Structures are given as C-alpha cells and as structure tokens.
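K.L.:
below are the sequence and a predicted model; questions follow.
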Amino acid sequence: MNYKFDLSMKEKSRSSESPDDPVAIVLAAGAGLRMNSDLPKVVHKACGRALVTWVVDTLRRVGVRRILVVVGHRAEMVREVLAGEPGVEFVEQTERLGTGHAVQVCREALAEHDGPVVVVTGDSPLVQASSLQNLLSEYERARPACLLGTLHKADPTGLGRIVRDSTGRFSGIVEQRDATDEQRRITEVNMSTYVFEGRDLFRALGQLRNENRQGEYYLTDVPSILLNEGKDVRALAVLQPCEALSVNTPEELRMVEAEMIRMGC
C-alpha cells in the first residue's frame, strides 16, 4: 500500500464522532514546484500563517471535527505546522499519483465512516465557511452521491468547465485542453471543492484509470463515474469570487495575501 496512517489523533477525534458527521480530506501532499522553493506548498504563509492552517480552521467552523490531511513532500513540515491541532490526522501519500490517488489512500482511515466526506485542497486558504455550509446543507437535504462547489469566473482560462444538460443538470467536467470552442465559453468552473457520500466515493475511486499523459488518477473523473452509474451528482455555484484564488506560484501567493488583507485577515 502507498500510504501511512498516523493514529496519533485517532481516538481523540473519534471519541464523539457520529457515523453521519462530516469528515474532511485536505489534499496537502504536493511539492509546489512552481513556488521556486523546496517547501511543501501548503506551508507557505499568508498573513503570517501556513496556508493549510486557514483551511483547517474553516473546516472546523462548519462543524467538521475529524480532518484527514494527506501529506507527501517533506511531510514532517506539514505535520509540524498542524501539530496539536484537535481532530487532525495524517495520511501519507508516499507516491504522488494524482488527486484521485491522494483521496484513495484515505480509504482505510475512513473504513467505518458512513457519512459525507468533504474534499478540499490545502493551498486554498480563501475557502469560505459559508460556501462549505451551503454544500453540507444541500447534502443533508438531498443526499446525493456527489456535490461539486463551483463558481462563475469572468476569465475561466485554464480551469475545468462545468457542463450541464438542457435541463441544467450537471453532466460533466471538461478540462480546458479537451474543451470545444463552445465549452470554453462556459464561465462556471470546478474549484476542487466537493462533498461526497463516503461509500460511493471510495467505490468510484476504485474505477479510476490513469490512461493519460501524466499517468495519474484524477479526482475530477469521479463525478462522471458516479453519474454513469445513475447516481445523483450535482454542481452548485455557491463559491464566492475570492475562492477562485489558490496558490501555485509566488505571484498567486501575493494575490491571495492581498485579498486576505482586504477581507481583514
């Protein structure tokens, strides 16, 4: 198996957990090569704090008490910045084989979980509690297999477009490189913010294929797998404009920090 599960917080985080309570997976294994640094991307700081700590705090604000952080590149540094954080557990992705693989390595840790699984990225410190709460409320109301948090972006270049059918229902994610001219005009985009039904999620992950140039397993393929099984998959444009900002480069880090200052970090 390509992971290591850190049990140090396990009993503490599960002591009052109900099977229906949401848990979260935070993707934080990447090296962030475009940051021109050997640091894990998620430990770079905005407003004086590591990016991943902002994400963890937001998850707690919406009532998520158990948070699995997937670590990889220089994992010890991510563990250090989150040391002592209540409810945080670490799963190590020893081979970085894509976002789908990063979630898959959490399967054993969540074997007994029967409720919603929130999946977010650790390099998006501007994720908003109101957005996550809207997604969790819709999950509680409708119990779909997957909810994607989306937003409309004036310039969606480079982002996966949300394709809908004639009735407005979600029908897939099309990446920029694969999009037709018409699809490239779509402004609704995927921002890697999800709520899944746990058992549906891990079953679909087992069907992922890595038949692509990078040889990786992509989480963005999971909604289509579920849809093809006849499952209820929904995309909700509930994310705020600031949530379009994530960190991949030093310039983007400066933009994120400027927005956080504007919002009163």
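P.N.:
Thanks, I have it.
K.L.:
now do the helices in this protein.
P.N.:
All helices of the chain, identified by DSSP state H, fall at 10-14, 51-61, 75-81, 99-104, 129-142, 181-184, 198-205, 222-228, 250-262.
K.L.:
quick one: which of the ones you listed is nearest Asp114?
P.N.:
Among the helices of the chain, helix 198-205 comes nearest to Asp114, with 6.4 Å by Cβ to Cβ. C-beta: built from backbone N, CA, C; applies to glycine.
K.L.:
average pLDDT across that closest one?
P.N.:
On average, the pLDDT along helix 198-205 is 96.
K.L.:
list the buried residues of that helix.
P.N.:
By neighbour count with 16 or more other Cβ atoms under 10 Å, helix 198-205 contains the buried residues 198, 200-205.
K.L.:
then stretch 92-103?
P.N.:
Within stretch 92-103, the residues scored as buried using 16+ other Cβ under 10 Å are 92-93, 96-103.
K.L.:
who touches it?
P.N.:
The contact list for stretch 92-103 (Cβ atoms under 8 Å, 6 or more residues apart in numbering) reads 2-6, 25, 27, 29-31, 70-73, 75, 105, 119, 192, 201, 205, 208, 210, 214-222.
K.L.:
buried ones among those?
P.N.:
The neighbour-count test (16+ other Cβ under 10 Å) applied to these identifies 3, 5-6, 25, 27, 29-30, 70-73, 75, 105, 119, 192, 201, 205, 208, 217-222 as buried.
K.L.:
how far off centre is stretch 125-135?
P.N.:
Relative to its parent chain, stretch 125-135 has a centroid offset of 12 Å by Cα atoms, centre = their mean, to the nearest Å.
K.L.:
now do it, average pLDDT.
P.N.:
On average, the pLDDT along stretch 125-135 is 98.
K.L.:
quick one: contacts of that stretch?
P.N.:
Contact partners of stretch 125-135, identified using Cβ under 8 Å, 6+ apart, comprise 46, 51-52, 54-55, 58-59, 61-62, 118, 120, 147, 149, 193, 195, 236, 238-240, 242-243, 245-247, 256, 259-260.
K.L.:
ok, Arg143 touching Arg199?
P.N.:
No. Applying Cβ atoms under 8 Å as the test, Arg143 and Arg199 come out as separate, 12.0 Å apart.
K.L.:
quick revisit: which among the helices of the chain is found nearest to Phe170?
P.N.:
Comparing those against Phe170 with Cβ to Cβ, the closest turns out to be helix 222-228 (7.1 Å).
K.L.:
what helices or strands is that closest one leaning on?
P.N.:
Helices and strands touching helix 222-228, as assessed by 3 or more Cβ pairs under 8 Å, 6 or more residues apart in numbering; DSSP states H and E, comprise strand 146-152, strand 170-174, helix 198-205, strand 233-236.
K.L.:
out of these, nearest to Glu85?
P.N.:
In this view, the helices and strands packed on helix 222-228 are compared for proximity to Glu85 by Cβ to Cβ, and helix 198-205 is the closest at 22.2 Å.
K.L.:
convert that closest one to PDB, retaining C-alpha atoms only.
P.N.:
Listed in PDB are the C-alpha atoms of helix 198-205, where the atom choice follows Å, rounded to 0.1, in the frame of the first residue of the first chain:
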ATOM      1  CA  GLY A 198     -18.300   8.200   1.500                       C
ATOM      2  CA  ARG A 199     -19.100   4.800   0.300                       C
ATOM      3  CA  ASP A 200     -19.900   6.000  -3.200                       C
ATOM      4  CA  LEU A 201     -16.700   8.000  -3.300                       C
ATOM      5  CA  PHE A 202     -14.400   5.100  -2.500                       C
ATOM      6  CA  ARG A 203     -16.200   2.600  -4.800                       C
ATOM      7  CA  ALA A 204     -15.800   5.100  -7.700                       C
ATOM      8  CA  LEU A 205     -12.200   5.700  -6.800                       C
END
